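Visitor: Just need the structure, nothing else, for what follows:
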Amino acid sequence: MLGFYSKYDRALRRFMPSMAAASYNPVVKIAGDVIARMLAWPFPELRDLPPNHLCIRVGSGNRIVNGHFNFIQTGNHCWLNFLSREYCTSKSDVVELGCGCGRLARPLRDPPWDPWFEGTYVGVDIDREMIEYCRSNFPADRFQFILSPHRSSTYSANNLHGSQEPTSKFVIADEQSKDYVYSLSLYSHLLEKEIVEYMRESHRILRINGIMFMTFFCIDHVELGGRWTFRHRRGNAYIESAQYPEAAVAYHEAFMVDFAKSVGFREVTVAPRKGQSELVALK
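Guide: Here you go, the predicted model:
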């Protein structure tokens, strides 16, 4: 997850390793949603945000019930960043892996200026509740939302006790039909098998010269000993919590770069950033 953490966060996580897992609890869900709605009521622009428990699942840092502005700003900032770097254009066909409840899709639907996005959007997520929310709140002519067949011990409500094999073949779109595939803090929650499948499918659906952008915890760059330790090992993955392995996962830069090249990307770079590093790959 992106963001800054307080000095108390490490102690808090000992009792609650994953806020995403906690958001499936009915008591936490109802109480958090009520408080968040009360805080948003004086501000009309905040009233139509997704339910608070869904916002928590896409990353809230320490903002458990008051992350409204952070939710909006994250989406706007990302698209200004993508466009300024020329990763895509207003007419691109884009895919978001780990779309959650539409945090990054909202600026394409509800820009603060005249409508600008003329391309198509596909969002992919393993959480059925978030996919159903998006399908009900985005126009179906240019926005498509796909439920991934993958499961997670942290981010799947029906499978909180361990990962399992996908129930069907993982296919997002036709071969060479997309211009840009991106994910914000998804690869920081994927174990090695899922990394392999998501990256191979990203390469398959991208057109020539298409770009894949992702953020992930790079064990070579992340500051260890404070919020993060990544002391557990599973293959090439370093995990923070043995109880919730997908809550936070890190990889070496060399592993990510080498694998991206092995599936066919011809240019791959990794740049250290605050919290998570950025990987950019060109097909």
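
Visitor: Could I get the buried residue list for stretch 83-90?
Guide: Neighbour-count burial for stretch 83-90, counted by 16 or more other C-beta atoms under 10 Å, picks out 87, 88. Where C-beta positions appear, they are placed from N, C-alpha and C, glycine not excepted.

Visitor: tell me, which helix in the chain spans the most residues?
Guide: The longest helix of the chain (DSSP state H) is helix 68-84.

Visitor: helices or strands next to that helix in the packing?
Guide: Counting contacts by 3 or more C-beta pairs under 8 Å, 6 or more residues apart in numbering; DSSP states H and E, the secondary-structure elements packed against helix 68-84 are helix 26-40, helix 106-109.

Visitor: And the residue of the chain most remote from its centre, how far from residue 28?
Guide: Ranking residues of the chain by C-alpha distance from their mean position (C-alpha atoms, centre = their mean) puts residue 42 at the top, at 29.1 Å. Separation of residue 42 from residue 28 (C-beta to C-beta, to the nearest Å) stands at 24 Å.

Visitor: where in the stretch 1-150 of the chain is pLDDT low?
Guide: Low-confidence regions of the stretch 1-150 of the chain, defined here as pLDDT under 70, cover residues 1-21, 60-63, 65-66, 112-113.

Visitor: same deal with the stretch 151-283 of the chain?
Guide: Along the stretch 151-283 of the chain, the parts satisfying pLDDT under 70 run over 153-168.

Visitor: that older thread, please name whichever of the helices and strands packed on helix 68-84 is nearest to residue 71.
Guide: Taking C-beta to C-beta, helix 106-109 is the member of these nearest to residue 71, at 8.6 Å.

Visitor: Now the closest one: buried residues?
Guide: Going by neighbour count (16+ other C-beta under 10 Å), the buried part of helix 106-109 is 106, 107, 108.

Visitor: and of the residues you listed, the nearest to residue 273?
Guide: For the buried residues of helix 106-109, the residue nearest residue 273 by C-beta to C-beta is residue 107; the value is 20.3 Å.

Visitor: Is that closest one in contact with residue 77, as I believe?
Guide: No: applying C-beta atoms under 8 Å as the test, residue 107 and residue 77 come out as separate, 9.3 Å apart.

Visitor: Against which helices or strands is the strand or helix carrying residue 201 packed?
Guide: Assessed by DSSP states H and E, residue 201 sits inside helix 192-205. In this structure, helix 192-205 makes packing contacts with strand 93-97, strand 178-183, strand 206-218, helix 253-262, judged by 3+ C-beta pairs under 8 Å, 6+ apart.

Visitor: Can you give me every residue that contacts the closest residue to residue 190 other than its chain neighbours?
Guide: Computed as C-beta to C-beta, 6 or more residues apart in numbering, the closest residue to residue 190 that is not its neighbour in sequence is residue 249, at 6.2 Å. For residue 249, the contacting residues are 187, 188, 189, 190, 191, 217, 237, 238, 239, 240, taking C-beta atoms under 8 Å, 6 or more residues apart in numbering as the criterion.

Visitor: of all those, which comes closest to residue 36?
Guide: Closest to residue 36 out of these is residue 189 (22.8 Å), distances taken as C-beta to C-beta.

Visitor: hang on, the earlier thing: for residue 209, state which of the contacts of residue 249 is nearest.
Guide: For residue 209, the nearest member of those is residue 187. The distance, counting by C-beta to C-beta, is 22.1 Å.

Visitor: So what's the residue count around the closest one?
Guide: Counted with other C-beta atoms under 10 Å, the neighbours of residue 187 add up to 24.

Visitor: just residue 257 next, same as before
Guide: 17.

Visitor: go on, residue 242?
Guide: Residue neighbour count, defined by other C-beta under 10 Å, stands at 10 for residue 242.

Visitor: OK, contacts around the closest residue to it other than its chain neighbours?
Guide: When the adjacent residues along the chain are set aside, residue 242 lies closest to residue 232, with 5.2 Å between them (C-beta to C-beta, 6+ apart). When contacts are counted by C-beta under 8 Å, 6+ apart, residue 232 touches 238, 239, 240, 241, 242, 245.
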